[in-house]
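Asks: Following is a predicted model, sequence given first.
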Amino acid sequence: MKTTRCYLANDTSSRAAGAGRLADAWSDRPEIQLIRTSSRGAFFLEPMVERDTPNGREAWFNVAPNDLPRIVGGVGGTPVAEIPFLQQQTRFTFANFGITEPLALDEYQTRGGLKGLAAAQSLSPEGIVEALRISRLRGRGGAAFPVWKKWQVAQQTGSEQKYVVANADEGDAGTYCDRMIMEGDPFRLIEGMMICARAIGATHGYLYCRYEYPAAARAMKFSIQKAREADLLDCDDYPFDLEVVTGAGSYVCGEETALLESLEGRRGVVLAKPPYPAESGLYGNPTIVSNVLTFATIPNILANGGAWHASIGTEGSRGTMALQIGGRVKQPGLVEVPFGLTLHDVLDRFGGGMAPGSRFKAVQVGGPLGSLFPESQLDIPICYDAFAEAGAILGHGGIVVYDDETNMVELARHFMAFTADESCGKCTPCRIGSVRGREILERIQAGEGTAESLDLLKDLGETMKATSLCALGGRAPYPVLTAIEHFPEEFKKGLTH
Amino acid sequence: MTTRHRPGLAEALEYCRPVPPVKSNILKTLLAVQSALGHVPTSAIPQIAQVLGVTDAQVAGVLSYYSDLRTQSPGRHLIRVCMGESCTANHGGRVLRAIQDHVRVAVGGRTLEGRFTVEKMSCAGNCAVSPTVMIDEDLCGRVTPSEVPSLLEPYT
């Protein structure tokens, strides 16, 4: 009997959508050979099954076990190249997604992997930093700091021991691209970290992975071991090793100083800067802490040159951004596009409109600390400058759409309660302010707010913005204040006089 | 205070005993203990502190800080309902209520027969397939309130 090669994603979200059940149901079917790949990120189509045709891959969407005869018979498939959600994207960092087996190092290499590292090996450490300066890459974790400046500080700080740390504490609700990279293209992250290690002279690296991502931690441990066995980590007598460390459920550990405290095994409390970790980080040594997506972006920059990267995107935001669409949209999923599309374009072209039976109310960009946008403000371009000008953040690229059933007072309370739960307690504005903010919102919710409540909330918000030690307290007021600004009538309903 | 012997605790701690130049790591040790015992009993704090060469207060401080470290033994199955923004937008709160009604327990509590512990989690990173419920290590997506009974049935 002829066996048909079929491809099915094996990442956490595809399995949650039913890919695991599908694989179990088909495990003893002799007519197919199932290859488990990463997901293309079009999660609304998962579980999606693909097979090869002379004209490239064809796909079947939202597959159930009894769809197998159709797939084997080649009936009713859609060419992958014609899926609008994917066709309109510019995939560089996510080029391998849906195509390769994540843990196959040889496949990674066949598809251009390790070329960035090879290019870095031909450059001096200063040359690597120069390539990043030309690329104008900014950190993708949220702070958007120029990557080369950070690396240059670590490079120029004299020390016997330096570290490179991947921040895989992807705590922003609504974001999942780091998890996808760790599960779906782990060698790209390892390659990016190795390039950084060469540039700054680090011999040891850590990947700080959140507790909620067990599959990602397993994939990374496996790939690191594979890279080690292939003598990839220690190439040309340059010693380097990597270790995966697990967090334990603290949002603020995504802040770099708190992350390093946690990595040393202590309470993940934020420290005042300076000194910056690039000068004095892990165990007091120069340390580069960067987001997973940032490291994963770097191999292509070294392979294609800094100028290539700088030629994409907008003036202040070069390259592509991985946007992660979620909430009440028809087509949630991962979208890699050059910076510059408007929020409206992204929701329209990729989000595909609202989920059946729901109407748009607001969209939040940048995780639980991001501002809310009403329908009238969707023409904002997706880039760091436009967002900064609007007093908003792009953060880690999370986009969550809320429908008209959403109660804005409850949502605002949810955000303040989140900050109150997650505050590390180091600075007073965040520790006390978030609790008082939550209490005011609870009073409004109970119909016991007074005329002063909203003014008090605004005043408190401004204090938290101006005086908090890190972005948790400093940004927490934004979703609350934008909710009040755009939906004042809902808050006024809860005021007694 | 003498520490009651617990099978698993001493073995877990043996792996975490700091051997110079490797420094003691409280969080890593507590995660190892939790992995061995299912939770970190507060009565184990002195023994952990002694092995690591730190104070009881330092261990207690780390233990109380991280929400994923638990001091109470959980039920046989841990249900975690995601309260992240995408799950909230997709009315994950209704799924949580359906679970609570079905197994009859408050958030943070363990059912009487010890079958389930129900917790909220802040984001599972499964936002594109929300709302999300995590049962032990199994992640379930696009969960509706009506399918809760059948979802929980296999976990005995």
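Replies: Looks like it came in fine.
Asks: Every contact and neighbour count from this point should use C-alpha atoms.
Replies: OK.
Asks: Just confirm yes or no for stretch A:2-18 near chain B.
Replies: Yes: on the criterion C-alpha under 8 Å from any C-alpha of the partner chain, stretch A:2-18 is in touch with chain B at A:Thr12, A:Ser13, A:Arg15, A:Ala16, A:Ala17.
Asks: closest to B:Lys23 among those residues?
Replies: Among the residues of stretch A:2-18 next to chain B, A:Thr12 lies closest to B:Lys23 (C-alpha to C-alpha), at 33.8 Å.
Asks: Near that closest one, how many other residues are there?
Replies: 28 (other C-alpha atoms under 10 Å in any protein chain shown).
Asks: cool, A:Arg349 as well?
Replies: Count around A:Arg349 with other C-alpha under 10 Å applied: 13.
Asks: for the nearest residue to A:Pro477 once chain neighbours are set aside, what are its contacts?
Replies: Of all residues not flanking A:Pro477 in the chain, A:Gly461 sits nearest, at 4.9 Å (C-alpha to C-alpha, 6 or more residues apart in numbering or on different chains). Contacts for A:Gly461 were tallied using C-alpha atoms under 8 Å, 6 or more residues apart in numbering or on different chains; they are A:Ala476, A:Pro477, A:Tyr478, A:Leu481.
Asks: Which parts of chain B are helices?
Replies: Per DSSP state H, chain B carries helices over the ranges B:9-16, B:26-37, B:45-52, B:56-65, B:85-89, B:92-103, B:148-152.
Asks: can you tell me which residues contact the residue in the stretch 151-300 of chain A positioned nearest to chain B?
Replies: Nearest residue of the stretch 151-300 of chain A to chain B: A:Gly265, at 4.4 Å (C-alpha to the nearest C-alpha). A:Gly265 makes contacts with B:Ser24, B:Asn25, B:Ile26, B:Leu27, B:Lys28, B:Val62, as judged by C-alpha under 8 Å, 6+ apart.
Asks: would you say it is within a strand?
Replies: No: under DSSP: H, G, I helix; E, B strand; the rest coil, A:Gly265 falls outside any strand and is assigned coil.
Asks: circling back: restrict the contacts of A:Gly265 to those near chain A?
Replies: Counting by C-alpha under 8 Å from any C-alpha, the members of these near chain A are B:Ser24, B:Asn25, B:Ile26, B:Leu27, B:Lys28, B:Val62.
Asks: Columns distance to A:Pro277 and neighbour count on top of these, output as CSV?
Replies: Shown next, in CSV, are these (distance: C-alpha to C-alpha, whole Å; neighbours: other C-alpha atoms under 10 Å in any protein chain shown):
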residue, distance to A:Pro277, neighbour count
B:Ser24, 21, 19
B:Asn25, 20, 19
B:Ile26, 21, 26
B:Leu27, 20, 24
B:Lys28, 21, 20
B:Val62, 22, 18
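Asks: With pLDDT added, can I get those in a markdown table?
Replies: Listed next are these as a markdown table, based on pLDDT from 0 to 100:
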| residue | pLDDT |
| --- | --- |
| B:Ser24 | 91 |
| B:Asn25 | 95 |
| B:Ile26 | 97 |
| B:Leu27 | 97 |
| B:Lys28 | 95 |
| B:Val62 | 98 |
